[in-house]
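any chance you can model this:
(3 chains)
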Amino acid sequence: MTHDTFHEGLALLQQLEGCATPSLLDALAPLAPDLAQLAVSFVYGQLYTRPQLTLPQRQLATVAALAALGQARPQLKFHIAGALNVGCSPQEIIELMLHLVVYAGFPAGLNGLFAAREVFQERGHAPTTAAAPASPPVPPPADRYQAGWQALREVDGHAGEQVIASLAGIAPDLGRFVIEFAFGDIYTRPGLTLLQRELATVAALAAMGTAAPQLRVHLHGLLNVGATPAQMTEALMHIAAYAGFPAAINAVLLAQEVLAERASQHHG
Amino acid sequence: MTHDTFHEGLALLQQLEGCATPSLLDALAPLAPDLAQLAVSFVYGQLYTRPQLTLPQRQLATVAALAALGQARPQLKFHIAGALNVGCSPQEIIELMLHLVVYAGFPAGLNGLFAAREVFQERGHAPTTAAAPASPPVPPPADRYQAGWQALREVDGHAGEQVIASLAGIAPDLGRFVIEFAFGDIYTRPGLTLLQRELATVAALAAMGTAAPQLRVHLHGLLNVGATPAQMTEALMHIAAYAGFPAAINAVLLAQEVLAERASQHHG
Amino acid sequence: MTHDTFHEGLALLQQLEGCATPSLLDALAPLAPDLAQLAVSFVYGQLYTRPQLTLPQRQLATVAALAALGQARPQLKFHIAGALNVGCSPQEIIELMLHLVVYAGFPAGLNGLFAAREVFQERGHAPTTAAAPASPPVPPPADRYQAGWQALREVDGHAGEQVIASLAGIAPDLGRFVIEFAFGDIYTRPGLTLLQRELATVAALAAMGTAAPQLRVHLHGLLNVGATPAQMTEALMHIAAYAGFPAAINAVLLAQEVLAERASQHHG
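Residues are numbered from 1 along each chain as shown, chains lettered A, B, ... in the order given. Model prediction:
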């Protein structure tokens, strides 16, 4: 943490918050100024400045992680605003919350959406008028099952098919819900690219730390829809700032296994 | 998600909320009307309408999951009210929060109870008067250890005895606390049947996603106290709506192992 | 739970809260007086009165667990106040929140700090003046990497070196961040002893229940910096009250493996 690291972090945080004097420095000044220094130097100076992900991608991952965890509302609102400041659209934020329903449940998605609504309102959007950033209604596909199977195969490939097969003997309807609802209703929607969806999925699952099998499937998914191994690893490292180092380390070691699996299949 | 699924879901949500125009539709209309459509069609139209669990059982599982997770207070209050609307008693809700102390800790139980108190007050109960839905005092059994051992054996059977044995070499007092407090003080209380207790336990542990060994023990417990395999699987599928699909899938696959263990013991 | 257990618990809770009539009894009296009885008798009468940990150590573990979990703010504030009442200093609480950033992320540390600020203010501290309990600025070591390596080796020993080695093939920079930030910037700070840091780490990781590999490393770390096996086990049992019995049981069984590893290395 050099003088330069702090000032690079400060510049990045100014850009993210859209103001000259980041609120974190003021908030912590009387009580724990060192924590503000560490946050600026490490999170924004060392981590955010790395080139493997764009700022909108980092904010998508941050917001996905915080919304999925669900217990850090002030930071969730701060980073939704930050996402808007670096170029994410309100529609992308809204669509992200719909997407997270699949992985963290409806309450997490709803509360993320309500946090986003507050941010939009504070910025002068008027969500009750025609000018509001309302999601345009997207009708579900006529054949949810077929559309879902196609999306699942495109994203998760063989690993996803294995999940459905594993449920056949105990809860085939749960497998059908994954196909119809998660993939048929949600993944087929516009508003986020598949790369954005998988980036958000991986960030959320890594932060939650409770779903290693699904994280493995979606690390494959993230690579399947076009992420590079370096982008995948970076998204997981990014999570250290929001869910702690253990979450990031465990996810990165899983990514190593996923890369080894793909290398062995390629050579096999 | 057909027209019918949406209207079946709407009817169910009207029953649960006890009003003609569910608040979720209004709350999401300007911002994300599609999420309201998906919630009504999938959660209430496809999932809640399945016959394997009664509505009070679904609400018990929902409230247990949300109280154990602890970070979705608006939804917790909504579903406590919903539980009352479909026939759960205030006493059952209160007893559920005492029960959850064992699996999610005192803070989760206390905050669940405080959320319930707000719901009771909003509905016109007056908890500071004699008309309040106060838990009748239940003295702990004179011999907590003996009463606890008996309850533990009845509920968890051999799997529960193994837990206590596994602690003998490292923390025998923790095993004693499980027997005396969790089973002697809590499980022996009236207010919830053993089937309700195990349904709540399994829903909470599946939603938390951090306690696979204990979930396994209590899947056995749920079957031991009279649930059918179809009810067990359904309770775990139900959790997809509140903690996400990964939590439900991982729990269902564990249930499959539990059923296989019981089949092999039966034939062994 | 005898008459004596309740009165021993009451005396301890009076000491912790610093008042004659604990607020918990009043808060629960109209709704669930049994839960208050169980909390006093079990948590404060049976668990807190055990001699293996001092009251300041128990409060450090409690506050670490609640801040890391992040979803029980009323209890977090109650136990920060309790920590101050039994002899922890405001500086130790502030430093604990900085420490938790490593294991639970910046949002958890920040929100813990903001909860602490409210407690300080309610007690008449004035954090915006020179009399405030501000952390004295601690400059990071000139060579964060060397200082971090040294701290990591001192605390985590061989198990910690293995973590860094495991990351070399997939995300060497994440390993570097662990060394520079977690150990170089944080562990080298004054304000908490290494024993306090590892006690807090172990309590937080056990409560979270999502990081078994890191909990294993830091159970070694806790013993490496001077804790006895009895203190280690007690700290994990203590977590039962705040994160539930499953979290405590899984952590205690991991501690048993750690002790066996150390015994086999000693004899090997």
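
which stretches in the stretch 51-200 of chain A count as helices?
With DSSP state H, counting those that start in this stretch as the criterion, the stretch 51-200 of chain A has helices at A:55-69, A:73-85, A:90-104, A:106-122, A:144-167, A:172-177, A:194-208.

export the ones you listed as a markdown table, with columns for mean pLDDT.
Below are the helices of the stretch 51-200 of chain A laid out as a markdown table (pLDDT from 0 to 100):
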| stretch | mean pLDDT |
| --- | --- |
| helix A:55-69 | 98 |
| helix A:73-85 | 98 |
| helix A:90-104 | 97 |
| helix A:106-122 | 96 |
| helix A:144-167 | 95 |
| helix A:172-177 | 96 |
| helix A:194-208 | 98 |
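
these: which one's closest to chain C?
Of all the helices of the stretch 51-200 of chain A, helix A:73-85 sits nearest to chain C, with 4.1 Å by CB to the nearest CB. For the C-beta atoms, the positions are set from N, CA and C on the backbone; glycine is no exception.

the closest one near chain B anywhere?
No. Figure legend: helix A:73-85 not in contact with chain B (CB under 8 Å from any CB of the partner chain); closest approach 9.1 Å.

and the residue nearest in space to the middle of chain A, how far is that from residue A:257?
The residue lying closest to the centre of chain A (CA atoms, centre = their mean) is residue A:200, at 2.6 Å. Distance of residue A:200 to residue A:257, given as CB to CB, to the nearest Å: 21 Å.

cool, residue A:53 as well?
Noted for residue A:53: a distance of 22 Å to residue A:257, by CB to CB.

who has more neighbours out of these two?
In terms of neighbours (other CB atoms under 10 Å in any protein chain shown), residue A:53 is the more surrounded of residue A:53 and residue A:257; the figures are 20 against 12.

residues touching the closest residue to the more buried one other than its chain neighbours, list them.
Sequence neighbours aside, residue A:234 is the residue nearest to residue A:53 in space, at 5.1 Å (criterion: CB to CB, 6 or more residues apart in numbering or on different chains). In this structure, residue A:234 makes contact with A:50, A:52, A:53, judged by CB atoms under 8 Å, 6 or more residues apart in numbering or on different chains.

name the element residue A:234 belongs to?
Using DSSP states H and E, residue A:234 maps to helix A:229-238.

the closest residue to chain B within the stretch 1-150 of chain A: neighbour count?
Closest contact between the stretch 1-150 of chain A and chain B, by CB to the nearest CB, is at residue A:107 (3.6 Å). For residue A:107, the neighbour count with other CB under 10 Å is 26.

so what's the predicted local confidence for the nearest residue to it once chain neighbours are set aside?
Using CB to CB, 6+ apart and skipping residues adjacent in sequence, the residue nearest residue A:107 is residue B:72, 3.6 Å away. On pLDDT, residue B:72 comes in at 96.

residue B:72: neighbour count?
Neighbour tally, residue B:72, other CB under 10 Å: 25.

which residues touch it?
Contacts of residue B:72 (CB under 8 Å, 6+ apart): A:70, A:107, A:108, A:111, B:66, B:242.

right, and the second one touches residue A:70 too?
Yes. Under the criterion of CB atoms under 8 Å, residue A:107 is in contact with residue A:70, at a separation of 7.3 Å.

need the overlap of contacts for these two.
Shared contacts of residue A:107 and residue A:70 (CB under 8 Å, 6+ apart): B:69, B:72.

I figured residue A:218 hits residue A:203, correct?
No. Between residue A:218 and residue A:203 there is no contact under CB under 8 Å: 10.0 Å.

what helices or strands is the helix or strand that contains residue A:264 leaning on?
Using DSSP H and E, residue A:264 sits in helix A:245-267. Helices and strands touching helix A:245-267, by 3 or more CB pairs under 8 Å, 6 or more residues apart in numbering or on different chains; DSSP states H and E, are helix A:194-208, helix A:212-224, helix A:229-238, helix A:240-243, helix C:90-104, helix C:144-167, helix C:172-177, helix C:212-224.

report the distance from the second one to the chain centre.
Spelled out, that is helix A:212-224. Put simply, helix A:212-224 sits 13 Å off its chain's centre (CA atoms, centre = their mean, to the nearest Å).

name the surrounding residues that touch it.
Contacts for helix A:212-224 (CB under 8 Å, 6+ apart): A:103, A:154-157, A:159-160, A:163, A:195, A:198-199, A:201-202, A:205-206, A:229, A:231-232, A:235, A:250-251, A:254-255, A:257-258, A:261-262, B:245-246, B:249-250.

buried ones among these?
By neighbour count, with 16 or more other CB atoms under 10 Å in any protein chain shown, the contacts of helix A:212-224 hold A:103, A:155-157, A:159-160, A:163, A:195, A:198-199, A:201-202, A:205-206, A:229, A:231-232, A:235, A:250-251, A:254-255, A:258, B:245-246, B:249-250 as buried.

for the nearest residue to residue A:227 once chain neighbours are set aside, what are its contacts?
Counting by CB to CB, 6+ apart, residue A:227 lies nearest to residue A:195, which is 6.2 Å off, once chain neighbours are set aside. Going by CB under 8 Å, 6+ apart, residue A:195 touches A:222, A:225, A:226, A:227.

domain parsing for chain A?
A:1-40, A:141-185 (automatic domain parsing).

need those in CSV (columns: distance to chain C).
Shown next, in CSV, are these (distance: least, CB to the nearest CB, whole Å):
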stretch, distance to chain C
domain A:1-40, 5
domain A:141-185, 19
